[in-house]
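**Q** just need the structure, nothing else, for what follows:
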Amino acid sequence: MKKSILFIAFLFAGYIGFSQENETKYDEKLAKSLNADEYGMKKYVFCLLKSGTNTTASKEESKKLFEGHMANINKLAKEGKLVVAGPFMKNDRNYRGIYIFNVETMDEAKALVATDPAIKANLLEAELTPWYATAALQETVKIHEKIARTKM
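**A** Next up, the predicted model:
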């Protein structure tokens with residue numbers, strides 16, 4: 001019994017010491033630069049990309065439109081308007097990919113969606129919804145540039 005109490009006390013003391021050592025400091029300057037609220041969060045717009053109604057586009061036409069789609073993704077990411085984008089793996093739904101727009105309103109997101117050639121041609125369809133997540137998500141593009149050996 002005595003050993004159990006000592007063991008538990010040792011674990012508790014170790015936990016307190018570990019949590020104090022690894023406690024991060026609030027960075028007000030960084031929080032403000034990312035427009036973070038008091039929780040370190042902010043508004044975004046989440047976009048679910050689904051297969052569109054255009055099923056008659058030729059392979060050549062689709063290829064050209066998806067090249068434009070990728071160029072648009074890169075442009076929006078460089079502008080800071082798109083913080084995450086990526087395709088879904090093969091699935092039994094019509095889900096094709098996602099965008100997370102660094103905007104606060106649906107109207108701003110709709111304007112950005114309208115710049116995508118694959119969406120304009122109805123190869124893809126965009127479903128938008130407001131989303132609340134960590135403001136740090138905006139740093140993803142900068143980090144990705146450091147870890148991507150080959151650019152898309």
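
**Q** which residues touch the helix or strand encompassing residue 86?
**A** Using DSSP states H and E, residue 86 sits within strand 82-87. Applying CB atoms under 8 Å, 6 or more residues apart in numbering, the contact partners of strand 82-87 are 44, 73, 76-77, 96-102, 112, 137-138, 140-141. No exception for glycine: its C-beta is placed from N, CA and C like everyone else's.

**Q** let's see which of those residues end up in helices.
**A** Using DSSP state H, the members of the contacts of strand 82-87 that fall in helices are 73, 76-77, 112, 140-141.

**Q** and the strands in this structure?
**A** Secondary structure of the chain (DSSP state E): strands located at 41-51, 82-87, 95-101, 124-134.

**Q** quick one: the third one to strand 82-87, angle?
**A** In other words, strand 95-101. Interaxial angle, strand 95-101 versus strand 82-87 (axes from the mean of the first three to the mean of the last three CA atoms, to 10 degrees): 170 degrees.
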